[in-house]
Every structure is written in structure tokens, then in C-alpha cells.
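[1] what's the 3D shape of this:
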Amino acid sequence: MRIAVFGAGAIGGHIAFRLARGGADVSVVARGAYLDAIRARGITVQARDVTDTVRVRASNDPRELGVQDAVITTAKAHSLPEIGRTIGPLLGPDTPVAFVVNGIPWWYFHRHGGEHDGRRIERLDPGGVLWDGMGVARAIGGVVYSACTVLEPGVIHAENPTNRVILGEPDGTISARAEAIAAALRAGGMGGEVVSDMRVAVWEKLAGNMGNGPLAILAGRRMKEYMAQPAIYAAAIRAMEECHAVARAWGCEVKADPAKRAAANAASAHKPSILQDLEMGKPMEVDAQLVVPLELARLAGVETPTLDLTIALAVERARAAGLYAG
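    Modelled structure (predicted):
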């Protein structure tokens, strides 16, 4: 199976590594130091189950890689419109694109049903570059659980003992195209699951992002360090509970227990990716992870006092660092 991975950072590099180990014909779209490192030395992953290096094709020009059977993009949400403008050479008539991202996805209301079916989220897909240009019918939803850190370009440390990608179609079907991508991931030792309730999976992952991302930005420390403060620990639980309430208002019942999730986070030495971006001076995923979910809370009439405060402060921190202009 020919699979291209758009983005070679922590998550993208790890996924490309797993696909290659499983026997897929993998290409990576990368830039700068990441491209140079992958071309010269391949992708190295240090994980609990394996430490190894794989060689994959890599280019900053999709035209050099050709048409693929599937594309996986792990790029940050704010990078997706630009990807939508350049992804064309990778796409055949039926090539699906799995968007493995944090936060509310740009395709969220595609095949949603009800009064909001087909609603566009302009903040995430300005001008419909993805919806109209690439084609929303290609989109497969995805979330990933893999606490990864780039040690240097092309070298990735995976913190968690288990890693998995959850995929799902916007219309709730269990499709052959999603199953094929999941099988390729499983062959490489990464969990790959296809679900019929992708939006529930989005909100479940998002609860962790919203409960911890703003607090991490404000504290500037690893989860187990700031979660050692009882007031912060309690705020994280309240924030996740508020996110669950927003999800319920949109018809998604998240079953994860915020208290258990907080306890797990309190034992983790990982830094949330949004804090990693702040520390490295990279544009931050503020819209998809923080601003748009609050907009959906307002649209649904759900009050979110803890999130309102922590997100407002986190947004100001991102603006002060020059990493968010919204």
C-alpha cells in the first residue's frame, strides 16, 4: 500500500515509522532540517516496544512522490489550508486523506445530520480550500494517542507504553478505506482502530487537550509538575467536565472519566504539544483546540466558566509570544 504522510514532526514521524515497519510503501512530505535529516539518516523512533530506524522516501514537493493509495496528514490544524493547496499530486480519483489532528476538525459538520449538516468552519478552512478544493468526500477523521517528542530532526521519543490511532468516517460507516489504513498501522506495531462514532473520539481527545493545554501553557511545566498543585488538579477536572458537557450538547456522549484522566496525567512527564510549540516558537493550535470548541459551546448554549478563564489567559499568552494572531 502506497501511503504518504504529510508532516514529519513528532506524530507524523512516528506514524511514518510504524507504517514502514509494517511493510507499507511510505513517502513523507517534509521541509527544512526535517527533510534533510530523513533523507540522510531515515526516521528513528525510541519507544517502549522498539528502538529502530527506517528509511522512507522524502520530499518537500508532492509532485516528486506521485499518486498514493492513501494520505495521512498529522500537520497542525492551522497548516491544513496550505496543505490543501499543494496535496493535489498525491491524489488519485479515490485517494482518501486521513486528518489525524487535535481539536475540532474542519470537516466536523460534513454528513453531521440535523440543522447544522454541511456547516462550514471558516476559521479552520478559510475560503473552503479543503472542503471544496481538495474535496470533503476524501476526508477521514483521526485522533492519535501517542505522547511524542522530537529529540532532533528525524529522531522521536515516544513516552507512552501504548500508542494508537483512531479513524472514522464522517457519516459513521465502517469503510474499507479506513480499515486499510488502520491495518497498515497495526502491522507496524501501532494500534489502529476504526470507529463508527468519530465525533465522540474527537471530543474525548479534545477534553484532554482543553483540560491540560491551557494549564500547561500558563504553568510552563510538565504535566506531573503542574498537576501536583491541588488547585490546578481540580481545575483540570472541571475543564474536562465542561468539555464533556459541550460534547453532550452536540450529541456526543464521552465516557472517559475526567478524574481518572487527571490522575493519569498527574503521573506523566510529558509536555502537551501546544506547550512544546510555545517553547519552540512555533505557531500554536489555538483555534482548533481552544477557540472553536468554545464557539461551539456558545452556539449550543453551554456555560464553560473554567474553560473561559483558562483559555482566555492561554490565548493572551500565545498572542504575547507572537504565535497566534487570532
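
[2] how is this structure partitioned into domains?
    Per automatic domain parsing, the structural domains of the chain span 2-196, 200-320.

[3] buried residues in the one helix or strand residue 40 maps to?
    Element membership of residue 40 [criterion: DSSP states H and E] is helix 32-41. Within helix 32-41, the residues that count as buried by 16 or more other CB atoms under 10 Å are 34-35, 37-39. Placement of C-beta: from N, CA and C, glycine included.

[4] now do the helices in the stretch 151-300 of the chain.
    Listed in chain order, the helices of the stretch 151-300 of the chain (DSSP state H, counting those that start in this stretch) span 176-187, 198-219, 223-226, 230-249, 258-266, 273-280, 286, 292-300.

[5] now what about the first one, what contacts it?
    Applying CB atoms under 8 Å, 6 or more residues apart in numbering, the contact partners of helix 176-187 are 1, 3, 15, 18-19, 21-24, 69-70, 72, 94, 96, 98, 140, 165, 167-169, 191-194.

[6] for that helix, the distance to its chain's centre please.
    The chain centroid and the centroid of helix 176-187 are separated by 18 Å under CA atoms, centre = their mean, to the nearest Å.

[7] for it, buried residues please.
    Residues of helix 176-187 classed as buried by neighbour count (16+ other CB under 10 Å): 177-178, 180-182, 184-187.

[8] with pLDDT and distance to residue 282 as extra columns, can I get these in JSON lines?
    Formatted as JSON lines, the entries for the buried residues of helix 176-187 read as follows, by pLDDT from 0 to 100; distance: CB to CB, whole Å:
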{"residue": "177", "pLDDT": "98", "distance to residue 282": "31"}
{"residue": "178", "pLDDT": "98", "distance to residue 282": "30"}
{"residue": "180", "pLDDT": "98", "distance to residue 282": "32"}
{"residue": "181", "pLDDT": "98", "distance to residue 282": "27"}
{"residue": "182", "pLDDT": "98", "distance to residue 282": "29"}
{"residue": "184", "pLDDT": "98", "distance to residue 282": "28"}
{"residue": "185", "pLDDT": "98", "distance to residue 282": "26"}
{"residue": "186", "pLDDT": "97", "distance to residue 282": "31"}
{"residue": "187", "pLDDT": "97", "distance to residue 282": "31"}
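
[9] now those residues in TSV, with distance to residue 254?
    Compiled in TSV, the buried residues of helix 176-187 are given as follows (distance: CB to CB, whole Å):
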residue	distance to residue 254
177	26
178	21
180	28
181	24
182	21
184	28
185	23
186	25
187	30
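
[10] name the nearest of those relative to residue 29.
    Taking CB to CB as the measure, residue 29 sits nearest to residue 181 out of those, at 16.6 Å.
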